[in-house]
Every structure is written in structure tokens, then in C-alpha cells.
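Participant: What follows is a predicted protein model with its sequence.
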Amino acid sequence: MTSFLMGTVAMGCAIAGLFFLRFWKETKDRLFLSFTLAFFMLTINRTLLGFTPYANETTPDLYLLRLSAFLIILFGILDKNLHKG
């Protein structure tokens, strides 16, 4: 059951990434690109959590992947707000 739920969360992240990719292609706004990259990284994270037998949320490699996705989102937001000009 856990693998199924991880798969549905991964699918949701992939769909969100595809939406942000479409918005980035239309506007070329770097904020959308950072959200696209982050959601695809979260997709990989959830997929690996679903397929790795003894992995959990605190596995260091998967935790660092998730952390870097959130840092990319933070960088995108800061970049957008600091370079409004």
C-alpha cells in the first residue's frame, strides 16, 4: 500500500512539474523553471522511496535530494523578488 501511495504522490509531483514547465515555456520566467526542476526532483525522490525496500524519509541520500529541491524553490523565490527591476 505504501508503494502505491508513493506512486500517486510521485505522479502528482510530475504533473505539477509539467504544468510549471508549460508556464516556463510560455513566459521564460526563471521562477517557473525553478519550480519545474524542484518538482521533478521531488518526483524522483518519491519514486525512489517507493522502489527502495528499506528506505524511509530520513535516508540521507533521499533527504538531501528533497532538501535540494526545496532550496531550489527558495532560490527561485529570492531571485524573483530581488531582481524585479
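Facilitator: Here it is on my side, so go on.
Participant: Can you give me the pLDDT of the nearest residue to Leu48 once chain neighbours are set aside?
Facilitator: The shortest distance from Leu48 to any non-neighbouring residue, by CB to CB, 6 or more residues apart in numbering, is to Leu62 (5.9 Å). C-betas here are computed from N, CA, C, even on glycine. As predicted, Leu62 sits at a pLDDT of 88.
Participant: Roughly how far does Leu62 sit from Leu33?
Facilitator: According to CB to CB, to the nearest Å, Leu62 and Leu33 sit 23 Å apart.
Participant: again with Ala55
Facilitator: Distance of Ala55 to Leu33, given as CB to CB: 28 Å.
Participant: Could you check which of the two has the larger neighbour count?
Facilitator: Under the criterion of other CB atoms under 10 Å, the comparison of Ala55 against Leu33 puts Leu33 first, with 18 against 15.
Participant: mind listing what that one touches?
Facilitator: Contacts of Leu33 were listed using CB atoms under 8 Å, 6 or more residues apart in numbering, and they are 20, 24, 76.
Participant: Is it inside a helix or a strand, and which specific one?
Facilitator: Leu33 is located in helix 30-51, with elements delineated by DSSP states H and E.
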